[in-house]
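Peer 1: Sequence first, then the predicted structure:
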Amino acid sequence: DVQLVESGGGLVQPGESLRLSCAASGFPFTWYDMTWVRQAPGKGLEWVSSITRHGDNVTYADSVKGRFTISRDNGKNTVHLHMNSLKPEDTAVYYCNTVVRNYRTLVPEEYWGQGTQVTVSS
(Lines give C-alpha, C1' and ligand atoms only; values in the text may rest on other atoms or scores of the structure.)
Protein backbone atom coordinates (compact mmCIF):
# COMPACT_ATOMS: atom_id res chain seq x y z
CA ASP A 1 0.00 0.00 0.00
CA VAL A 2 1.12 3.53 -0.73
CA GLN A 3 2.10 5.39 2.43
CA LEU A 4 3.29 8.94 2.95
CA VAL A 5 4.42 9.88 6.45
CA GLU A 6 5.32 13.47 7.26
CA SER A 7 7.44 14.62 10.17
CA GLY A 8 9.34 17.65 11.37
CA GLY A 9 6.59 20.11 12.17
CA GLY A 10 6.52 22.18 15.34
CA LEU A 11 6.22 25.58 16.96
CA VAL A 12 8.81 28.17 15.95
CA GLN A 13 9.22 31.92 16.16
CA PRO A 14 9.06 34.21 13.13
CA GLY A 15 12.32 34.15 11.21
CA GLU A 16 13.28 30.66 12.31
CA SER A 17 13.62 27.54 10.19
CA LEU A 18 12.18 24.05 10.02
CA ARG A 19 12.77 21.03 7.84
CA LEU A 20 9.83 18.81 7.01
CA SER A 21 10.30 15.25 5.79
CA CYS A 22 8.00 12.85 4.00
CA ALA A 23 8.87 9.16 4.00
CA ALA A 24 7.27 7.31 1.09
CA SER A 25 6.66 3.60 0.66
CA GLY A 26 4.58 1.16 -1.35
CA PHE A 27 5.35 2.51 -4.81
CA PRO A 28 8.39 3.08 -7.05
CA PHE A 29 9.42 6.42 -5.60
CA THR A 30 11.78 7.38 -8.43
CA TRP A 31 8.98 7.16 -10.99
CA TYR A 32 6.87 9.97 -9.53
CA ASP A 33 6.88 13.68 -8.84
CA MET A 34 6.25 14.76 -5.25
CA THR A 35 4.38 17.77 -3.88
CA TRP A 36 3.90 19.68 -0.64
CA VAL A 37 0.50 21.23 0.02
CA ARG A 38 -0.60 23.18 3.10
CA GLN A 39 -3.83 24.15 4.76
CA ALA A 40 -3.97 27.15 7.05
CA PRO A 41 -6.64 27.35 9.77
CA GLY A 42 -10.03 28.06 8.23
CA LYS A 43 -8.67 28.09 4.68
CA GLY A 44 -8.50 25.74 1.73
CA LEU A 45 -5.60 23.72 0.42
CA GLU A 46 -2.68 25.70 -0.99
CA TRP A 47 -0.05 24.17 -3.25
CA VAL A 48 3.41 24.96 -1.89
CA SER A 49 6.04 23.20 -3.99
CA SER A 50 6.69 20.28 -6.32
CA ILE A 51 9.74 18.33 -7.41
CA THR A 52 10.11 16.08 -10.43
CA ARG A 53 11.01 12.42 -10.05
CA HIS A 54 14.75 12.94 -10.53
CA GLY A 55 14.80 16.29 -8.72
CA ASP A 56 15.85 18.18 -11.83
CA ASN A 57 12.92 20.58 -11.80
CA VAL A 58 11.35 22.28 -8.80
CA THR A 59 8.54 24.81 -8.58
CA TYR A 60 7.27 27.02 -5.77
CA ALA A 61 4.26 29.10 -4.89
CA ASP A 62 5.02 32.81 -4.97
CA SER A 63 4.26 33.00 -1.26
CA VAL A 64 7.24 30.77 -0.38
CA LYS A 65 9.64 31.40 -3.25
CA GLY A 66 13.10 32.33 -1.98
CA ARG A 67 12.38 31.01 1.51
CA PHE A 68 11.49 27.34 1.02
CA THR A 69 13.52 24.66 -0.74
CA ILE A 70 12.19 21.27 -1.79
CA SER A 71 14.55 18.33 -2.20
CA ARG A 72 14.39 14.56 -2.42
CA ASP A 73 16.62 11.63 -1.57
CA ASN A 74 15.72 8.83 -3.97
CA GLY A 75 17.99 6.42 -2.13
CA LYS A 76 15.89 6.88 1.03
CA ASN A 77 12.48 7.42 -0.62
CA THR A 78 12.18 10.74 1.15
CA VAL A 79 11.22 14.26 0.16
CA HIS A 80 12.07 17.29 2.27
CA LEU A 81 10.82 20.84 2.58
CA HIS A 82 13.39 23.22 4.03
CA MET A 83 11.60 26.28 5.35
CA ASN A 84 13.57 29.41 6.20
CA SER A 85 12.52 32.86 7.36
CA LEU A 86 9.20 31.52 8.55
CA LYS A 87 6.30 33.91 8.92
CA PRO A 88 3.08 33.67 10.95
CA GLU A 89 1.20 33.25 7.67
CA ASP A 90 3.12 30.02 7.07
CA THR A 91 1.18 28.47 9.96
CA ALA A 92 -0.64 25.46 8.52
CA VAL A 93 -0.85 21.73 8.35
CA TYR A 94 1.63 20.60 5.71
CA TYR A 95 0.83 17.55 3.60
CA CYS A 96 2.93 15.40 1.33
CA ASN A 97 1.16 14.46 -1.89
CA THR A 98 1.69 12.36 -4.97
CA VAL A 99 -0.25 10.76 -7.82
CA VAL A 100 0.61 7.14 -8.50
CA ARG A 101 -0.67 5.01 -11.34
CA ASN A 102 -2.40 1.87 -10.03
CA TYR A 103 -0.43 -1.03 -11.53
CA ARG A 104 -3.58 -3.14 -12.02
CA THR A 105 -6.07 -0.58 -13.34
CA LEU A 106 -3.51 1.91 -14.71
CA VAL A 107 -5.70 4.65 -13.25
CA PRO A 108 -3.81 7.49 -11.53
CA GLU A 109 -4.63 7.67 -7.85
CA GLU A 110 -3.85 10.56 -5.52
CA TYR A 111 -2.31 9.96 -2.11
CA TRP A 112 -1.86 12.17 0.94
CA GLY A 113 0.04 11.87 4.16
CA GLN A 114 -1.54 12.56 7.53
CA GLY A 115 0.00 16.03 7.71
CA THR A 116 2.35 17.76 10.11
CA GLN A 117 1.49 20.97 11.96
CA VAL A 118 3.70 24.01 11.57
CA THR A 119 2.98 26.94 13.85
CA VAL A 120 4.88 30.21 13.54
CA SER A 121 4.24 32.51 16.46
CA SER A 122 6.08 34.78 18.84
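Peer 2: Thanks, I have the structure now. Numbers count the residues shown, from 1 in each chain.
Peer 1: Mind naming the longest strand for this structure?
Peer 2: The residue-count maximum for a strand in the chain (DSSP state E) belongs to strand 92-101.
Peer 1: got the contact list for that strand?
Peer 2: If you take CB atoms under 8 Å, 6 or more residues apart in numbering as the criterion, strand 92-101 is touched by 2, 4-6, 9, 20, 22, 24, 27, 32-41, 43, 45-46, 48, 79, 81, 107-113, 115-118. (Each C-beta comes from the backbone N, C-alpha and C, glycine too.)
Peer 1: Would you list the strands that the helix or strand that comes right after it pairs with, along with their directions?
Peer 2: Later in the chain than strand 92-101, the nearest helix or strand by DSSP states H and E is strand 108-112. Strand 108-112 sits in its sheet next to strand 92-101 (antiparallel), going by DSSP bridges.
Peer 1: I'd like the distance from the strand it pairs with to the chain centre, please.
Peer 2: Centroid separation for strand 92-101 versus its chain: 6 Å, with CA atoms, centre = their mean, to the nearest Å.
Peer 1: do the same with stretch 11-27
Peer 2: 8 Å.
Peer 1: now the end-to-end length of that stretch.
Peer 2: End-to-end distance for stretch 11-27: 32 Å, by CA to CA, to the nearest Å.
Peer 1: Begin at 47, not 1, for the rest of this chat.
Peer 2: Fine by me, first position is 47 from now on; the one you just mentioned is stretch 57-73.
Peer 1: rewinding a little: of the contacts of strand 138-147, keep whichever come out buried.
Peer 2: Neighbour-count burial (16 or more other CB atoms under 10 Å) is assigned, among the contacts of strand 138-147, to 50, 52, 55, 66, 68, 70, 73, 78-84, 94, 125, 127, 157, 159, 161-162, 164.
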